[in-house]
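Peer 1: Turn this into a structure:
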Amino acid sequence: MAGNTFGNLFKLTTFGESHGEALGGILEGCPTGVSIDENFIADELARRKPGQSAITTQRKEQDKVHFYSGIFEGKTTGTPIGFVIYNTNQKSKDYDHIKSVYRPSHADFTYDKKYGIRDYRGGGRSSARETACRVVGGAIAKLYLKNISFFAYTTQVGSIQLDANEGLNREEREKNPVRVPHAQKAMEMERLIKKIRKEGDTIGGIVACEIKGLPAGLGEPVFDKLHAQLGKAMLSINAVKGFEIGSGFAAATMRGSEHNDLFNTDLSTQTNYSGGVQGGISNGMPIHFRVAFKPVATLMQKQNTVDTNQKAVVMQGKGRHDPCVVPRAVPIIEAMAALVVADFDLLQKRFTK
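Peer 2: Sure, this is the predicted structure:
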């Protein structure tokens, strides 16, 4: 199975399925001497893990990471870092009813056509549970990039949207289960998610991310632009349907005289419609991008579909599922962004030596 490795020099390979014995990964290219704070990594995993609130799946997993190589006396050795996260709360029988049924908008049909076999228990390898490994790799990337900050947050759930002019309180983000840096909007979004859940339905949303402290000069021209790699990273996350950086699609409605980021004498810019990237290379301004998530495909409602024999059937979701993936996606987006930046940082250091 191709496509399980992300990165060029700072490289993460993951393995495992939703209902298998464990998930895990191998992180290669992390420089020697990076101090590994296992409490920090555990906190990052706790932000992503299931069962953390009333608006997430109620699957209970501690998501404790076990490191097996590449770390000695609390520091990276420069050798591959191997780790495992054991699954402890699988309920595979919840999926017996879809053993021969294709769930609408899931990967069931496409995996079956590509491989001729599929693990129907929670989606197997296509499950978002795989992203726990990304959070581990991203946490180590953050520890390496200690002078660069990554801050993702929910900006929209359904039609409820956070206006940037409303005043964001960063400390508020981890005080509510939706991860919104605005107390009032957080309550509105939480109420909506709970309402949607009671209806047996799901809903999507948007997560924004800001990267600060990035020096000018990171990124490779033409095919490996910084924003292109960020886009690839975000679109590799389950349920992501859109990515935009800086002014994004709104740029299509603007004139050049409005959109150009004019320089200050210190080489910062008066505006940041570029989102911190010009010509595919960081310009020293904060990186700003947004990621759109679709509604979760598994509904607790009856849906018409077909089985593996192409016979029309009616199915209904069972088990434990997120009514909205957005709150748990916040740390995943930060993790993927950190992996991208760590990779470009190492590429730049190799280039300038």
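
Peer 1: does residue 112 really touch residue 308, like I thought?
Peer 2: Yes - the pair residue 112 / residue 308 is scored as a contact, 7.1 Å apart, by CB atoms under 8 Å. Using the backbone N, CA and C atoms, a C-beta is placed for each residue, glycine as well.

Peer 1: what touches both of those two?
Peer 2: Applying CB atoms under 8 Å, 6 or more residues apart in numbering, one finds that residue 112 and residue 308 are jointly contacted by residue 102.

Peer 1: Output the below-cut-off pLDDT ranges for the chain.
Peer 2: Scanning the chain for pLDDT under 70 picks out the ranges 1, 51-52, 57-61, 89-95, 319-320, 353.

Peer 1: Phi, psi for residue 159 please.
Peer 2: Note on residue 159: backbone dihedrals following degrees, to the nearest 10 are phi -90, psi 0.

Peer 1: what's the neighbour count on it?
Peer 2: 8 (other CB atoms under 10 Å).

Peer 1: now the one 5 residues further on
Peer 2: Neighbour count for residue 164, taken as other CB under 10 Å: 10.

Peer 1: swap in residue 232?
Peer 2: With other CB under 10 Å as criterion, residue 232 counts 14.

Peer 1: Same question for residue 230.
Peer 2: The criterion is other CB under 10 Å. On that basis, residue 230 has 26 neighbouring residues.

Peer 1: Against residue 289, how distant is it?
Peer 2: 6 Å (CB to CB, to the nearest Å).

Peer 1: Find residues that contact each of those two.
Peer 2: In contact with both residue 230 and residue 289: 243, 245, using CB under 8 Å, 6+ apart.

Peer 1: ok, which stretches of this protein are helices?
Peer 2: 38-48, 108-115, 131-144, 183-198, 226-235, 256-259, 326-352 (DSSP state H).

Peer 1: and residue 275, which of those helices is closest to it?
Peer 2: The closest of those to residue 275 is helix 226-235. By CB to CB, the value is 7.0 Å.

Peer 1: Give me the contacts around the closest one.
Peer 2: For helix 226-235, the surrounding residues in contact (CB under 8 Å, 6+ apart) are 6, 218-220, 240, 243, 245, 275, 277, 280-282, 287, 289, 291, 333, 336-337, 339-340, 343-344.
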